[in-house]
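>>> Sharing a model that was predicted from the sequence below.
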Amino acid sequence: MHPMNMTVNESSSASFQCNASGDPKPVVTWFKGGVQLAAGGRIVIGGDSLTILNTVASDAGQYSCNVSNGLSSHVGIAHLLVQGESN
């Protein structure tokens with residue numbers, strides 16, 4: 001299943017899911033705009049999910065998950081839109 005496009009309000013959390021199954025169990029790698037993401041700070045990566053905590057405007061963009069089990073690989077793409085707080 002591909003990650004879903006998402007719109008969130010600034011300072012809330014955004015989560016993407018990239019369901020991966022197979023034998024051997026696939027490895028899921030997350031990217032933003034072609035740059036691999038690493039867990040830490042506001043980025044939480046667990047299994048086949050990606051969560052961005054306390055989103056800011058610069059978090060908006062294209063995210064992708066690369067699912068690979070050594071035999072084959074698959075890429076899923078989703079877009080994140082971050083809306084500013086209304087006054």
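All right, it came through fine.
>>> for this protein, what spans make up the strands?
Here the chain has its strands, by DSSP state E, at 6-9, 14-17, 27-32, 35-36, 43-46, 49-52, 61-68, 73-83.
>>> can you redo the ones you listed as a markdown table with mean neighbour count and mean pLDDT?
Bear in mind the C-beta positions are built from the backbone N, C-alpha and C, glycine included. Putting the strands of the chain into a markdown table (neighbours: other Cβ atoms under 10 Å; pLDDT from 0 to 100) gives the following:
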| stretch | mean neighbour count | mean pLDDT |
| --- | --- | --- |
| strand 6-9 | 14 | 96 |
| strand 14-17 | 19 | 96 |
| strand 27-32 | 17 | 95 |
| strand 35-36 | 8 | 96 |
| strand 43-46 | 14 | 96 |
| strand 49-52 | 20 | 97 |
| strand 61-68 | 18 | 95 |
| strand 73-83 | 16 | 95 |
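>>> List phi and psi for G84.
Backbone torsions of G84, given as degrees, to the nearest 10, read phi -70, psi 160.
>>> ok, the residue nearest to it when sequence neighbours are not counted - contacts?
Distances taken as Cβ to Cβ, 6 or more residues apart in numbering place E10 nearest to G84, at 5.3 Å, with adjacent residues excluded. Contact analysis of E10 by Cβ atoms under 8 Å, 6 or more residues apart in numbering lists T55, V56, A57, V82, Q83, G84, E85.
>>> at 6 Å instead, please
T55, V82, G84, E85 (Cβ atoms under 6 Å, 6 or more residues apart in numbering).
>>> which residues sit in contact with K32?
So K32 contacts G61, Y63 (Cβ under 6 Å, 6+ apart).
>>> distance of the residue nearest to G84 from V44?
Distance, E10 to V44, using Cβ to Cβ, to the nearest Å: 18 Å.
>>> follow-up on the earlier one: so for the contacts of E10, which is the shakiest by pLDDT?
Across the set of the contacts of E10, E85 stands lowest in pLDDT, at 70.
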